[in-house]
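Participant: Sequence below, structure please.
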Amino acid sequence: SYPNNGDMVLDTDNLQSFRNSNNNYRRFRNVVAHEAGHGLGLDHVCPDVNTKLMEPALNTNFDGPQEDDIRALAFLYGDVYESNNTLFTAIPIGSVAFDGAEELLVADAAIERAGASDFYKFSASAGAQVTVDLFPVGTSYQQGAQPTTNNPNPGTNIVNALSIHDLRLRVLNGAGSLIDLANAAPAGGDESVTFTAPADGTYVVRVDAVTNTDAPQRYEMLVSRGATPEPEIRLTAHGATTQNIESGDTYNFGNVTTDANRHTFFSINNDGAGDLNLTGNPIVTIGGLHPQDFVVNVQPLDDAVAPGGTVSFNIGFSPSATGTRQAFVFINNDDQDESNFAFIVTGNGTTASAPSTGAAEIRVFQVTPSFVFGKVEVTDGGFSDFPETFLGEEQAIFYFIENHGDADLLLTGNPLVNVVGGASGFSLVAQPAPQPIPAGNPENFARFFRVRFDPNSTGTKTARVFIETNANNTVGAFDFTLRGVVSEQIEDCNGNGIDDADDVAVEDCNGNGIPDACDIDSDGDGVPDDCDLCDGEDDNADSDGDGVVDCLDACPVDPAKTEPGNCGCNNEETADCGIEVCPDGDDDADGVCNSDDLCPGEDDLLDFDNDGIFDCMDDDITPEENEGDPNGEADDDTGNDNDGGNDNTGGNDNTGDADNTGDNGNDNTNDDDNTGNNGNDNGNQNNEDDGNDDNDNVAADGICGTGAAPVMLMAGACMWGGSRQRRRRR
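Facilitator: Alright, predicted model coming up:
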């Protein structure tokens, strides 16, 4: 019923029914929820097929508000996240930073009507891969107005609540600049964006619709973080054979005389998905029993190794005494389980061999690049490693030939030094001088030659070097193997770790083969000049978050307007444009400036009973009683609600609106989408209960047309009646 004071009244004749404890007192709870729906402005909705809480008859097949009821309330009041309709009022939903949650769920959200936007913000860590999934929510159901005397057969329509709107998803940075957008699926389809957070900070998701239907679209949103990208260190020694070294392993330099040295290149590889940071200072250090015998000749050139990348270093062994010599090599890094990477280096020092009387002795040394030892000996039959070389670059190394015997050393080959490498990229730049090399290794006296490494393909390349002499410390020619590792250096003009050739595929708006981030950008907005919408201005700036960049937005700080209209920016379009901007603000948003506000925190202009006294100063806001009814109650038994104090006061129920969702009780039409507001109970308001409710066998013909089953009828008071007028200050 619809009592004079507007409160909900529970019929004591139904107490036995309300005491029914089935399904946690669902009968009672659904009755109360239904009547609360009327108090919130919802009418009865037909047909009576157990799919909507606001159907005229009670049913207990479900618990509480259903699809149509929730959509109607969303239209009238917004969803639970209101008011989040601008960038500056974005609702915080949590963190997917590496120390935060892996998933953030936004449930029970809705785009309430045409032109609405929802904003959410969350925090993420630099390098995190974040995915935002948007899922429309909805079912299909029948909907129509409740029959009245004047409209006995209003008809129904099918509402597909899943595809009311074509939703659009945008991800923005904290300043509102667009990172990515998704609008590929049609109405009812899911949208998804995956991006890598460029920095620690706040990110914003904006949800809106590209369609213009004035009805609600429910949705859910999931923000999730991919697996934390972790680095994985792997060490390789490039000695006589390639050896993978785990932390704790040993690398053996072999036998080396006390007047010589031997070196090996090592590579640090990153087999993980995140950057490997080398945190030592210096990066590679030596400790242990004999640290003086092992020297880091060349440190890694970079302290960060990208996924799949490599950096190299070189260690030399020059024993200071005979016997076993040993040390530890330390490489501190941020690998989760090998952060204190260390391995053992060992070698055996032997006594320097005395030259044979009357014979020459050849020894060859690699002298470039510049090693700590000054020069590194190359053994007969051994390897000489070049530093890692990028394709398109070249390296050159000098080799000195010394004579440590007591007879002159003659170079007898033709050519004197022969480099055999085919297409390896190794070539001899200059032959040594042909004159004999004096005995006794005179100070600073040697013949030298130079080898260039200029490869034309990636991979490990080798070549052999042959030096024929009269020395007696070799059998045949002195020979050794040149070895170099060639990598392809990516072109990465914007420093994002992606080869420009791959970057261009998605970031070349003008198709000139240059990634956008490297193209000419005179105004520095990240958009190349050839693609610039706003020459000299920031193409990404959207101060009011309305989806239109500032340079194309005639009202750049008004999210409701992109053109001034008749009333200018920041003003509602009205006939007289009579809106005063309060110099001291309007904290309760009731249209009355703070300095003139009679009721701070309340709506000064609300007059529910239309008696000319604003509610905040009115002791009695009850609407005037119906003079035609001696009991002061609305007479709904006539089949006509237009008799004062009834459900249609101030409402127009037969307007034929295209979508009267929650619209002042205007729902007795063949509407396209009369969400939660169909039927205004004409002729049925006060005949809903004959007191025989124990078994729900109350005659109910006509509540939703003929042929309705016996059911418990629900009170049909509709409080969405009076027309509210807002007065404007001048």
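
Participant: and the residue in the chain sticking out farthest from the centre, what pLDDT?
Facilitator: The outermost residue of the chain, judged against the average C-alpha position, is G358 (77.6 Å), by Cα atoms, centre = their mean. On pLDDT, G358 comes in at 78.

Participant: Distance of it relative to A407?
Facilitator: 5 Å (Cβ to Cβ, to the nearest Å). Quick note: C-beta positions are derived from backbone N, CA and C, even for glycine.

Participant: P56 touches D48, doesn't it?
Facilitator: Yes: assessed by Cβ atoms under 8 Å, P56 is found in contact with D48 at 6.1 Å.

Participant: Overlap of the contact sets of the two?
Facilitator: Jointly contacting P56 and D48 under the rule Cβ atoms under 8 Å, 6 or more residues apart in numbering are 703-704.

Participant: Name the residue in the two with the higher neighbour count.
Facilitator: For P56 versus D48, neighbours defined as other Cβ atoms under 10 Å are more numerous around P56 (29 against 21).

Participant: Quick check: the gap between that one and V45.
Facilitator: Taking Cβ to Cβ, one finds P56 at 8 Å from V45.

Participant: P186 now?
Facilitator: 28 Å.

Participant: These two: which is more packed in?
Facilitator: When neighbours are counted by other Cβ under 10 Å, P186 and V45 differ, and V45 comes out ahead with 31 against 8.

Participant: Go ahead and flag the most central residue of the chain.
Facilitator: V130 (3.1 Å).

Participant: On the three-state scheme, that one is what?
Facilitator: strand (DSSP: H, G, I helix; E, B strand; the rest coil).

Participant: Quick check, it in contact with A97.
Facilitator: No: using Cβ under 8 Å, V130 is not in contact with A97, being 10.0 Å away.

Participant: shared neighbours of those two, which are they?
Facilitator: Shared contacts of V130 and A97 (Cβ under 8 Å, 6+ apart): 124, 225.

Participant: What ranges does the stretch 401-550 of the chain have for its strands?
Facilitator: All strands of the stretch 401-550 of the chain, identified by DSSP state E, counting those that start in this stretch, fall at 417-420, 426-430, 447-453, 459-467, 478-487.

Participant: next one: the stretch 251-400 of the chain
Facilitator: Using DSSP E, counting those that start in this stretch, strands in the stretch 251-400 of the chain cover 262-270, 276-277, 284-287, 294-298, 304-305, 310-317, 323-332, 340-350, 362-366, 376-378, 383-385, 389-390, 395-403.

Participant: Just put those in TSV and tack on distance to S177, mean pLDDT and mean neighbour count.
Facilitator: Converted to TSV, these look like this (distance: least, Cβ to Cβ, whole Å; pLDDT from 0 to 100; neighbours: other Cβ atoms under 10 Å):
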stretch	distance to S177	mean pLDDT	mean neighbour count
strand 262-270	31	90	22
strand 276-277	29	94	20
strand 284-287	42	96	16
strand 294-298	43	90	20
strand 304-305	27	92	19
strand 310-317	34	90	22
strand 323-332	38	96	18
strand 340-350	40	95	18
strand 362-366	53	91	22
strand 376-378	53	87	23
strand 383-385	48	87	21
strand 389-390	35	84	17
strand 395-403	44	91	20
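
Participant: Turn those into a markdown table, including distance to T236.
Facilitator: Formatted as a markdown table, the strands of the stretch 251-400 of the chain follow (distance: least, Cβ to Cβ, whole Å):
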| stretch | distance to T236 |
| --- | --- |
| strand 262-270 | 5 |
| strand 276-277 | 14 |
| strand 284-287 | 14 |
| strand 294-298 | 15 |
| strand 304-305 | 13 |
| strand 310-317 | 9 |
| strand 323-332 | 13 |
| strand 340-350 | 11 |
| strand 362-366 | 20 |
| strand 376-378 | 19 |
| strand 383-385 | 12 |
| strand 389-390 | 16 |
| strand 395-403 | 19 |
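
Participant: Tell me which of the ones you listed lies nearest to N473.
Facilitator: Closest to N473 of those, according to Cβ to Cβ: strand 362-366, at 6.6 Å.

Participant: Identify all contacting residues around that closest one.
Facilitator: So strand 362-366 is contacted by 260, 263, 375-378, 384, 397-404, 409, 446, 467, 469, 471, 473-474, 478, 480 (Cβ under 8 Å, 6+ apart).

Participant: do stretch 445-454 as well
Facilitator: Against stretch 445-454 from outside (Cβ under 8 Å, 6+ apart): 365, 367, 386, 389, 394-402, 411, 416-417, 419, 425-433, 435, 437-438, 461, 465, 482, 484.

Participant: Work out the gap between it and the centre of the chain.
Facilitator: Distance of stretch 445-454 from its chain centroid, counting by Cα atoms, centre = their mean, to the nearest Å, is 55 Å.

Participant: any chance you could map the helices in this protein?
Facilitator: For the chain, the helices defined by DSSP state H cover 15-18, 22-39, 67-77, 500-503.

Participant: same for the third one, what does it pack against?
Facilitator: Helix 67-77 sits against strand 103-111, strand 140-144, strand 217-225, with contacts defined as 3 or more Cβ pairs under 8 Å, 6 or more residues apart in numbering; DSSP states H and E.

Participant: again, but for the longest one
Facilitator: Helices and strands in packing contact with helix 22-39 are listed as helix 15-18, strand 57-58; criterion 3+ Cβ pairs under 8 Å, 6+ apart.

Participant: Please could you give me each C-alpha atom of the first one, formatted as CSV?
Facilitator: Presented in CSV, the C-alpha positions along helix 15-18 are these (Å, rounded to 0.1, in the frame of the first residue of the first chain):
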residue,chain,number,x,y,z
LEU,A,15,3.4,-12.2,9.8
GLN,A,16,3.1,-16.0,9.6
SER,A,17,4.3,-15.9,6.0
PHE,A,18,7.2,-13.6,6.9
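
Participant: What are the buried residues along that helix?
Facilitator: 17-18 (16 or more other Cβ atoms under 10 Å).

Participant: go on, stretch 31-40?
Facilitator: 31, 33-35, 37-38, 40.

Participant: Centre of the chain to that stretch, how far?
Facilitator: 41 Å.

Participant: Would you mind checking the average pLDDT for that stretch?
Facilitator: Mean predicted lDDT for stretch 31-40 stands at 91.

Participant: Using CSV, write out every CA atom in that stretch.
Facilitator: Below are the C-alpha coordinates for stretch 31-40, written out as CSV (Å, rounded to 0.1, in the frame of the first residue of the first chain):
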residue,chain,number,x,y,z
VAL,A,31,9.0,-8.5,0.1
VAL,A,32,11.0,-5.8,1.9
ALA,A,33,13.5,-5.5,-1.0
HIS,A,34,10.6,-5.1,-3.5
GLU,A,35,8.9,-2.4,-1.5
ALA,A,36,12.3,-0.6,-1.0
GLY,A,37,12.5,-0.7,-4.8
HIS,A,38,9.3,1.4,-5.0
GLY,A,39,10.8,3.8,-2.4
LEU,A,40,13.8,4.2,-4.6
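
Participant: Any idea what G316 is bridged to?
Facilitator: Judged by DSSP bridges, the bridge partners of G316 are H263, V295.

Participant: That one and N297, how far apart?
Facilitator: 5 Å.

Participant: Ok, D508 next?
Facilitator: In terms of Cβ to Cβ, D508 sits 43 Å off from N297.

Participant: How about D68?
Facilitator: Between D68 and N297 the computed distance is 78 Å (Cβ to Cβ).
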